[in-house]
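In: coords please:
(chains A and B)
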Amino acid sequence: GAVVSQHPSWVICKSGTSVKIECRSLDFQATTMFWYRQFPKQSLMLMATSNEGSKATYEQGVEKDKFLINHASLTLSTLTVTSAHPEDSSFYICSARGGQSGGNQPQHFGDGTRLSIL
Amino acid sequence: AQSVTQLGSHVSVSEGALVLLRCNYSSSVPPYLFWYVQYPNQGLQLLLKYTSAATLVKGINGFEAEFKKSETSFHLTKPSAHMSDAAEYFCAVTTGANSKLTFGKGITLSVRP
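Out: Here you go, the predicted structure:
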């Protein structure tokens, strides 16, 4: 149980294009989803938190117009990197948590998306 | 505020040896603690969690961790390392208040044949 599917797993695109990454909870309803960015050999950096049907809450320093997050249903959240540039190249990971808000529910992670901007 | 400290960046053990990965936390309220494992080019997989029940928590793949409030620690152990345990391990803390996970910087575990 508690499977999170993230797609695509790897994408290469030209500078200036927009890229959409999907995150789906397959066997549970995700009341909250999180988007992280991970640089090589580093820990995860939280970019934003989204609750179904609400606007995402972005962490300080994350451009909300650059990284568009939509959480339209209890099983799907998307991250769109708009007008991507080489500095946006990174490993992006989503996670999902079910149940009522509260720290004792673990986050379940997708397998990540390797984004490379040429 | 909450934080996690994972001392050192790399631990190397022989196959069959004890694995000990250290994690110390800081939290102004009772914490919830988690250990995650990450294999190359993959997301994070939950190994185990502490949520204020038993202080000794057993997880998957033979791992366990003990919550010690007096030491503000949540060290991860496994009696006998296997080659497949080689990965990156992250300790994380959260509270009921904000529910955001705060991760340690991670430790790379290598297992020697």
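In: can we go C-alpha only for contacts and neighbour counts from here?
Out: Noted.
In: state the three-state secondary structure for B:Leu7.
Out: Per DSSP: H, G, I helix; E, B strand; the rest coil, the secondary structure class of B:Leu7 is coil.
In: might you enumerate the residues of chain A proximal to chain B?
Out: Within chain A, the residues that sit near chain B (Cα under 8 Å from any Cα of the partner chain) are A:42-44, A:93, A:101-104, A:106, A:108-112, A:114.
In: and for the residue in chain B that chain A sits nearest to, nearest residue in space, chain neighbours not counted?
Out: For chain B, the residue closest to chain A is B:Gly43, as judged by Cα to the nearest Cα, at 3.9 Å. Leaving out its chain neighbours, the residue that sits closest to B:Gly43 by Cα to Cα, 6 or more residues apart in numbering or on different chains is A:Asp111, at 3.9 Å.
In: A:Cys23 contacts A:Ser9, correct?
Out: No - between A:Cys23 and A:Ser9 no contact is recorded; they are 10.7 Å apart, counting by Cα atoms under 8 Å.
In: which of these two has more residues huddled nearby?
Out: Comparing A:Cys23 with A:Ser9 by neighbour count (other Cα atoms under 10 Å in any protein chain shown), the higher total belongs to A:Cys23, at 27 against 19.
In: just say helix, strand or coil for that one.
Out: Look at A:Cys23: counting by three-state DSSP, its state is strand.
In: within range of chain A, give me the residues from chain B.
Out: Taking Cα under 8 Å from any Cα as the contact definition, chain B meets chain A at B:32, B:34, B:41-46, B:49, B:51, B:90, B:94-100, B:103-106.
In: selection in ChimeraX covering whichever of the residues you listed are buried, please.
Out: In ChimeraX, selecting the buried portion of the residues of chain B next to chain A, with burial taken from 16 or more other Cα atoms under 10 Å in any protein chain shown, looks like this:
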select /B:32,34,42,43,44,45,46,49,51,90,94,95,99,100,103,104,105,106
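In: now, which of the residues of chain B next to chain A lie within strands?
Out: When the residues of chain B next to chain A are checked against strands using DSSP state E, the ones located there are B:32, B:34, B:44-46, B:49, B:90, B:94, B:103.
In: reformat these as CSV; add pLDDT.
Out: As requested, those are arranged in CSV below (pLDDT from 0 to 100):
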residue, pLDDT
B:Tyr32, 91
B:Phe34, 94
B:Leu44, 92
B:Gln45, 93
B:Leu46, 93
B:Lys49, 92
B:Phe90, 96
B:Thr94, 89
B:Phe103, 93
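In: what about A:Gly112, how many residues nearby?
Out: The burial count assigned to A:Gly112 is 27, neighbours taken as other Cα under 10 Å.
In: that one against A:Tyr92, yeah?
Out: Yes - with contact taken as Cα under 8 Å, A:Gly112 and A:Tyr92 are classed as touching, separated by 5.5 Å.
In: name the residue of chain A that lies nearest to chain B.
Out: Residue nearest to chain B within chain A (Cα to the nearest Cα): A:Asp111, separated by 3.9 Å.
In: show me what contacts that residue?
Out: The neighbours of A:Asp111, taking Cα atoms under 8 Å, 6 or more residues apart in numbering or on different chains as the test, are A:4-6, A:9, A:93, B:41-44.
In: just give me the closest of the residues you listed to A:Thr32.
Out: Here the nearest of these to A:Thr32, counting by Cα to Cα, is A:Val4; it sits at 12.5 Å.
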